[in-house]
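Colleague: Okay, here's the prediction I keep looking at, along with the sequence it came from:
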Amino acid sequence: MAETDKVFTGSIPEFYERYLVPLIFEPYALDLAGRIEAAKPQRILEIACGTGVVTRALSSQLPLSTTIVATDLNSPMLEHAKTRTGQDGKIEWKLADAQALPFEDESFDAVACQFGVMFFPDKLQAFKEARRVLKPGGQYYFSVWGKISDNDFADVITQALEEMFPDDPPRFLARTPHGHSDLQPLQRDLAAAGFTAISAEEVEARSKAPSPREPALAYVQGTPLRNEVEARDPTRLDQATARGSEAIARRFGTGAVDGRILAYVVTATR
């Protein structure tokens, strides 16, 4: 993973929330929140909460007595998340590193992480920390994306930018978000961290937008793919967005677009 893969600064949080959240994250946030609700936890830790899409889903589905501690390593994303929830007494926001969680042992009934595990430099250490803060019998829930070829818009945009920068193609989407579709290494690390009853479920959904431009804005300007484009040529960000939009239009049409997305939801027990 490149260092720029973890940089969500500038206007990225705004574009991420406005375009990427409704495009690909909301269906999985509702799914994950429903799984957690079924276990009836009283105290939940969310890791890598981003702009808070899972946090909001948990808050809306769980009773007032539930406490949600939402954390992220990236301050701009966390600050943006706070603006989306108003005065919600169930939620506590905290800057935290998944590899060194600032919480006591056995202090949560559930730990959740939607599409954040792929960004952990040391996944085994992060899993050990998640297990440490879980109460005995507590559940760890996380999701990872499937292969980029199974996620239509991400795949099309990656190919379009490969054509635009043939000598040094930006590979963020394939490398990090979609670079962990082989679940075996993750399952081995979970077992090595002490988790049991490890399972994974494939979850397919649809990614919809009113036009090809929204997915292009979402991926090119709402993720660290933007950092890669600007590192190659800071004057070509708009051109890269247009290239992505044109590529989506060629495959899915110029009106409302609808593409496949696929991810895995992993659960493990302390």
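Modeller: Structure's in. What do you need?

Colleague: hang on, residue 93 packs against residue 81?
Modeller: Yes. Using CB atoms under 8 Å, residue 93 is in contact with residue 81, at 6.9 Å. Where C-beta positions appear, they are placed from N, C-alpha and C, glycine not excepted.

Colleague: Compare the two and say which is more crowded by neighbours.
Modeller: Just comparing residue 93 and residue 81: by other CB atoms under 10 Å the higher neighbour count belongs to residue 81, 23 against 20.

Colleague: Nearest the middle, which residue of the protein would you pick?
Modeller: The residue lying closest to the centre of the chain (CA atoms, centre = their mean) is residue 115, at 3.0 Å.

Colleague: Can you classify the nearest residue to that one once chain neighbours are set aside by secondary structure?
Modeller: Leaving aside its sequence neighbours, residue 115 sits nearest to residue 143 (CB to CB, 6 or more residues apart in numbering; 5.6 Å). State at residue 143, reduced to three classes by DSSP: H, G, I helix; E, B strand; the rest coil: strand.

Colleague: Quickly list what residue 143 is bridged to.
Modeller: With DSSP bridges applied, residue 143 shows beta-bridge pairing to residue 114, residue 265.

Colleague: confidence score at it?
Modeller: Here the pLDDT value assigned to residue 143 is 98.

Colleague: Spatially nearest residue to residue 149 (excluding sequence neighbours)?
Modeller: residue 155 (5.6 Å).

Colleague: Give the phi and psi angles for that neighbour, as a check.
Modeller: Per-residue torsions, residue 155: phi -70, psi -50 (degrees, to the nearest 10).

Colleague: can you start the count at 854 instead of 1 from here on
Modeller: OK, 854 is where the count begins now, so the last one is residue 1008.

Colleague: burial count for it?
Modeller: Residue 1008 has 20 nearby residues by other CB under 10 Å.

Colleague: Surely it touches residue 1001?
Modeller: Yes. With contact taken as CB under 8 Å, residue 1008 and residue 1001 are classed as touching, separated by 4.9 Å.

Colleague: any idea how far the residue nearest to residue 1002 is from residue 1031?
Modeller: Taking CB to CB, to the nearest Å as the measure, residue 1008 and residue 1031 are separated by 8 Å.

Colleague: quick one: contacts for the residue nearest to residue 968?
Modeller: Residues counted as contacts of residue 996 (CB atoms under 8 Å, 6 or more residues apart in numbering) are 881, 885, 966-968, 1056, 1116-1119.

Colleague: What is the burial count for residue 913?
Modeller: When counting by other CB under 10 Å, one arrives at 12 neighbours for residue 913.

Colleague: in which helix or strand would I find it?
Modeller: Element membership of residue 913 [criterion: DSSP states H and E] is helix 906-914.

Colleague: Can you give the distance from the next helix or strand after that helix to the centre of its chain?
Modeller: Where DSSP H and E defines the elements, the next helix or strand beyond helix 906-914 is strand 920-925. Here strand 920-925 is found 15 Å from its chain centre; the criterion is CA atoms, centre = their mean, to the nearest Å.

Colleague: And the helix or strand following strand 920-925, what's buried?
Modeller: Following strand 920-925 in sequence order, the next helix or strand is helix 928-936 (DSSP H and E). Counting neighbours by 16 or more other CB atoms under 10 Å, one finds that the buried residues in helix 928-936 are 929-931, 933-934.

Colleague: Between those, which sits nearest residue 921?
Modeller: Taking CB to CB as the measure, residue 934 is the one of the buried residues of helix 928-936 closest to residue 921, at 11.5 Å.

Colleague: For the closest one, which non-adjacent residue is closest in space?
Modeller: That would be residue 905: by CB to CB, 6+ apart, it lies 3.4 Å from residue 934.

Colleague: check contacts around that neighbour.
Modeller: Residues near residue 905 by CB under 8 Å, 6+ apart: 923, 933-935, 937-938.

Colleague: May I ask which two of the residues you listed are separated the most?
Modeller: Between any two of the contacts of residue 905, the greatest separation by CB to CB is 12.1 Å, found for 923 and 933.
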